[in-house]
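> Kindly generate the corresponding structure for this input.
(chains A, B and C)
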Amino acid sequence: MHIPDGFLSTPVWAALDAVAAPVVGFVARRAQRGFDESKAPLLGVMGAFVFAAQMINFPVGAGTSGHLVGGALLACTLGPVAASVVMTAILAIQALVFQDGGVLALGANVLNMAVVGVLAGYLPYHLWGRGRGRRAAIFAGGALSVLASAVLALAELLISGVRMPGPALSVSLGLFVISALLEGAITMTVVSALEGIQPGFVRQPSTGRSFAMTALGIAAVLLAAGGVVFASTSPDGIEQLAIQAGIHKPLAGYGGGAGLAGIALLYVVCLAAGRVTRKRST
Amino acid sequence: MRHTAVEEWSRGASPLHRLNPVAKLFPLAVFLAALATAHRELPPLGIGLGLLLVTGILAARLPVLGVMLRGGVVLPFSGVFALVSWLAGDPVRAIELVLKSYLSALAVLLVVATTPVPALLHSLERLGVPAFLLTVAQFLYRYLFVISGEAYDMRTAAAARGGLTFRAASGALAVLFARSYSRAGQVHRAMLARGFTGRFVPMSPPRLTAVDLLFATLAAVAVIVLRVAVERLA
Amino acid sequence: MAPVIEVRGLRYRYEDGTEALKGVDFRLQAGESVAVFGANGSGKSTFALHLNGLLSGDGSISVCGIEVNRKTAAMVRRKVGLVFQESDTQLFMPTVIEDVAFGLLNQGMAPEVARERAGIALDQAGMSGAAHKAPYHLSAGEKKRVAIAGILTLEPEVLVLDEPTTFLDPPGQRALASLLCNLPQAKIVITHDTQFALAVCTRAVFFEDGVVTGEGTVREIADRFRWASPAC
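Sure thing, here's the model as predicted:
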């Protein structure tokens, strides 16, 4: 789900932009590997592929059809780091050229879809992609990538105070689940077809280095979630979320100053985390 | 697949087109931030900002109705949320969602409709966006229409045969993937053939002239003055 | 006089094991234009990719006296200008001027000088108005002209063109033929188009299943291997 501008409250979009910037910087450096930019054309062309792939309709029955989102597919063919860069480039082009997703909201959309979405898409494959549950792992990856990014987007909207009464929420979640299952199915069948053309396209899930990526991904999610919660100066949104989630104790007593301090702290922590992990990987 | 309308608009020659992209991005950021942080007097602010944008569209010698309609791509999405908000008893939020999302999209559209995408992406490097990411985006955009064209042909051929089954669609995507991957390999060879060393050597970015700085300042000031005035006068 | 290109016993095998070239011998003299005919899959394009070191097989290739291997590849690529069949592969930069300047910038030329040289090359190709266009907006003939401009600006000694008339309409083909005839460089033109070859080249070789099975004038080879366009 591409969040347009005007939906997220200022603390939310600002905090997420502040978190996304160093994360994107880190991922871009990792993908580039030192001074070699020769992978850029491959990543760019595969990004164009994902765009173009939206034109191929997958019939789902009852006259409706869906299309590939692509995060999980990219992750198990190009690797999660490259996939993240490609998805970021896609989101940037979508926001600027097609006004699909806001510009201030890019940080949020990038974190949701290009970071969390890609990592969630890769994780099952990383864990179970070698054994007999391979196809199931790929299916799970596709489904999780869509589900994770959609749920995160929904949470950001709720915290921003966008109204989502019970029935609307249920319908949204229902749609997310259907999209997730569809993405899982499409990713799984396309990967199978790819292996039929050339087995080398789908890479073996690697060990070691991607663990750092996984850890970073989880950290990014926690930081983003934490940042959004602590930086938000609209207690109503939190209460709304809490009430809808069944927790009735409203969080009380924090104001705008604390929010800004939270954003600043968050930015520093992310920058530091980015520098530390870069030193470890070089 | 035909080029988008935005592509054609961006190849114009108005004064707005000739400005340095950075001179357009700065007031855009101010515009978006001013709109996003506004919570009071939204209707008059919206009208004021809308008029500013229409002035820009006219100065860019672009079709006003066409551009304003194109900016409406965001409306189905925000419209649904606005409706839900309205029905949930929050009409203020509903208006806010529609107004802000539309005007923001229109502002971005105005900038992109007066700046060719390659130039726009190059200018983002000056603003700190990682060069590698921008290079990827450049290649993405370069081959977007080429590969979309291939997908379009596949779809047309499939339609002639009565549409694709789920399985056949997967096969089509896999073929498109393989072709794209192979094309990337050929591009790499073509790069090596002309001496690519692993680094893209940039051409020098366009200079910021006095006109650029003047425009950027005036446009940003106009937005801020508008916002302050609307809130004061109300 | 020493040949500009000399190939001896070139063999090449793809990763999947198929032998694409099975011992090719070939010679190109300075200033001459040679047409390369042969069925699809006979090894013509694979052969071309060896001439600037993009592929490396067994046997020997020397370009302007330099033996082609991994270490000399960069130097050889300055001597041999390869024009790929697909212009969308050749023109990979976002705008025309950036593409024409690409090779110059890689050679270490200062950006301002490279821009100027690229501008001159575009003028000579009759494409000066297209400098800031995206390649996607050009016609097939225009793309081919830009592609050649991008190669000529590097001042190679040999031009290798892989099926340059594909996608070109007759006026485009005539314009290309006339352009090539006026260039002093030695040329290798891989083509199916006998008429085009007659206009541009003096000599021809015939590729068949990974080896050269015939050599002579364009007319002789076309007749011997019945390589003219169909007529009912």
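> distance of the closest residue to residue C:219 other than its chain neighbours from chain B?
Excluding the flanking residues, the one nearest residue C:219 by CB to CB, 6 or more residues apart in numbering or on different chains is residue C:198, at 7.0 Å. From N, CA and C alone the C-beta is placed, and that goes for glycine too. Residue C:198 is 28 Å from chain B, where distance means CB to the nearest CB, to the nearest Å.
> Run the chain-centre distance for the helix or strand harbouring residue C:198.
Assigned by DSSP states H and E, residue C:198 belongs to helix C:194-200. Offset of helix C:194-200 from its chain centre (CA atoms, centre = their mean, to the nearest Å): 15 Å.
> what's that helix packed up against?
Under the contact criterion of 3 or more CB pairs under 8 Å, 6 or more residues apart in numbering or on different chains; DSSP states H and E, helix C:194-200 touches strand C:33-38, helix C:170-181, strand C:186-190, helix C:218-224.
> any chance of the ones you listed in CSV, plus mean neighbour count and distance to residue C:111?
Shown next, in CSV, are the helices and strands packed on helix C:194-200 (neighbours: other CB atoms under 10 Å in any protein chain shown; distance: least, CB to CB, whole Å):
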stretch, mean neighbour count, distance to residue C:111
strand C:33-38, 25, 35
helix C:170-181, 16, 28
strand C:186-190, 23, 31
helix C:218-224, 17, 43
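> Nearest to residue B:114 among these would be which one?
Closest approach to residue B:114 among the helices and strands packed on helix C:194-200 is made by helix C:170-181 (33.3 Å; CB to CB).
> Which strands or helices does the closest one pack on?
Against helix C:170-181 (3+ CB pairs under 8 Å, 6+ apart) you get helix C:140-152, helix C:194-200.
> which parts of the longest one are buried?
This points to helix C:140-152. C:141, C:142, C:143, C:144, C:145, C:146, C:147, C:148, C:149, C:150, C:151, C:152 (16 or more other CB atoms under 10 Å in any protein chain shown).
> Tell me which helix or strand comes right after that helix.
The element immediately downstream of helix C:140-152 (helix or strand, assigned by DSSP H and E) is strand C:158-162.
> Starting from that following strand, tell me which strands it pairs with and how they run.
As defined by DSSP bridges, the strand partners of strand C:158-162 come to strand C:80-83 (parallel), strand C:186-190 (parallel).
> pLDDT averaged over the first one - what is it?
Pointing back at strand C:80-83 there. Averaging pLDDT along strand C:80-83 gives 96.
> Repeat that for the longest one.
Averaged across strand C:186-190, the pLDDT comes to 97.
> Identify all contacting residues around it.
For strand C:186-190, contacts defined as CB atoms under 8 Å, 6 or more residues apart in numbering or on different chains pick out C:4-5, C:28-36, C:44-45, C:48, C:51, C:157-164, C:180, C:196-197, C:200-201.
> out of those residues, which are buried?
Applying 16+ other CB under 10 Å to the contacts of strand C:186-190, the neighbour count classes C:4-5, C:28, C:32-36, C:44-45, C:48, C:51, C:157-164, C:180, C:196-197, C:200-201 as buried.
> show me what contacts residue B:50?
When contacts are counted by CB under 8 Å, 6+ apart, residue B:50 touches B:103, B:106.
> For residue B:170, see how far away it is.
Distance of residue B:50 to residue B:170, given as CB to CB, to the nearest Å: 45 Å.
> And what about residue C:216, helix, strand or coil?
The three-state label given to residue C:216 by DSSP: H, G, I helix; E, B strand; the rest coil is strand.
> number of nearby residues for it?
Neighbours of residue C:216 under the rule other CB atoms under 10 Å in any protein chain shown: 14.
> which residues touch it?
Going by CB under 8 Å, 6+ apart, residue C:216 touches C:203, C:204, C:224.
> quick check, nearest of the residues you listed to chain A?
residue C:204 (35.0 Å; CB to the nearest CB).
> Domain parsing of chain B, as residue ranges.
For chain B, the structural domains run B:5-123+B:207-233, B:130-193, going by automatic domain parsing.
> Of all the ones you listed, which one is nearest residue A:119?
domain B:130-193 (17.6 Å).
> Could I get the average pLDDT for the closest one?
Here the average pLDDT along domain B:130-193 is 93.
> And the helices in chain B?
For chain B, the helices defined by DSSP state H occupy B:5-9, B:15-18, B:21-36, B:42-59, B:64-70, B:75-87, B:91-112, B:117-126, B:131-160, B:166-193, B:210-233.
> With respect to residue A:195, which of these lies nearest?
helix B:166-193 (8.7 Å).
> From the contact counts, what lies against that closest one?
With contacts defined as 3+ CB pairs under 8 Å, 6+ apart, helix B:166-193 has these neighbours: helix A:40-53, strand A:58-61, helix A:166-197, helix B:131-160, helix C:87-90.
> report the angle between the axes of it and helix B:131-160?
For helix B:166-193 against helix B:131-160, the angle by axes from the mean of the first three to the mean of the last three CA atoms, to 10 degrees is 140 degrees.
> and the direction of helix B:166-193 versus that of helix A:40-53, what angle?
If you take the same axes, to 10 degrees, helix B:166-193 sits at 150 degrees to helix A:40-53.
> mind listing what's buried in helix B:166-193?
Under the neighbour-count criterion of 16+ other CB under 10 Å, helix B:166-193 has B:166, B:168-174, B:176-181, B:183-184, B:186-193 buried.
> pLDDT below threshold where in the stretch 151-282 of chain A?
For the stretch 151-282 of chain A, the stretches with pLDDT under 70 are A:206-282.
> residues from it in reach of chain B?
A:157, A:161-165, A:168, A:185-186, A:189-190, A:192-194, A:196-198, A:201 (CB under 8 Å from any CB of the partner chain).
> Recalculate using a threshold of 6 Å.
Contacts of the stretch 151-282 of chain A with chain B, taken as CB under 6 Å from any CB of the partner chain, map to A:163, A:165, A:168, A:189, A:190, A:193, A:194, A:197.
> Out of the residues you listed, grab the one that's most surrounded.
With neighbours taken as other CB under 10 Å, the top of those is residue A:190, carrying 29 neighbours.
> Pretty sure it sits against residue B:173.
Yes. Shown here, residue A:190 and residue B:173 form a contact pair, counting by CB atoms under 6 Å, at 4.8 Å.
> who's in contact with residue 89?
If you meant another chain, say so; for now it's chain A. A:47, B:136, B:137, B:140 (CB atoms under 6 Å, 6 or more residues apart in numbering or on different chains).
> repeat that for 7 Å
For residue A:89, the contact set (CB atoms under 7 Å, 6 or more residues apart in numbering or on different chains) comprises A:47, B:133, B:136, B:137, B:140.
> what about the closest residue to the last one other than its chain neighbours, how many neighbours?
Counting by CB to CB, 6+ apart, the nearest residue to residue B:140 once its immediate chain neighbours are dropped is residue A:47, at 3.9 Å. The number of residues packed around residue A:47, counting by other CB under 10 Å, is 31.
> swap in residue A:64?
Residue A:64 has 11 nearby residues by other CB under 10 Å.
> repeat for residue C:198
16.
> Verify the contact between it and residue C:218 for me.
Yes. Contact criterion CB atoms under 7 Å: residue C:198 and residue C:218 qualify, at 5.2 Å.
> ok, so what distance separates residue B:46 from residue B:227?
As judged by CB to CB, residue B:46 and residue B:227 stand 11 Å apart.
> Over to residue A:2?
Distance, residue A:2 to residue B:227, by CB to CB: 26 Å.
> hang on, residue A:31 is in a helix, isn't it?
Yes. Residue A:31 sits within a helix when classified using three-state DSSP.
> Confirm for me that it is in contact with residue A:81.
Yes. Residue A:31 lies in contact with residue A:81 (CB under 7 Å); the separation is 5.0 Å.
> show me what contacts residue B:205?
Contacts for residue B:205 were tallied using CB under 7 Å, 6+ apart; they are B:122, B:126.
> let's see it at 10 Å
Contact analysis of residue B:205 by CB atoms under 10 Å, 6 or more residues apart in numbering or on different chains lists B:20, B:21, B:22, B:119, B:122, B:123, B:125, B:126, C:111.
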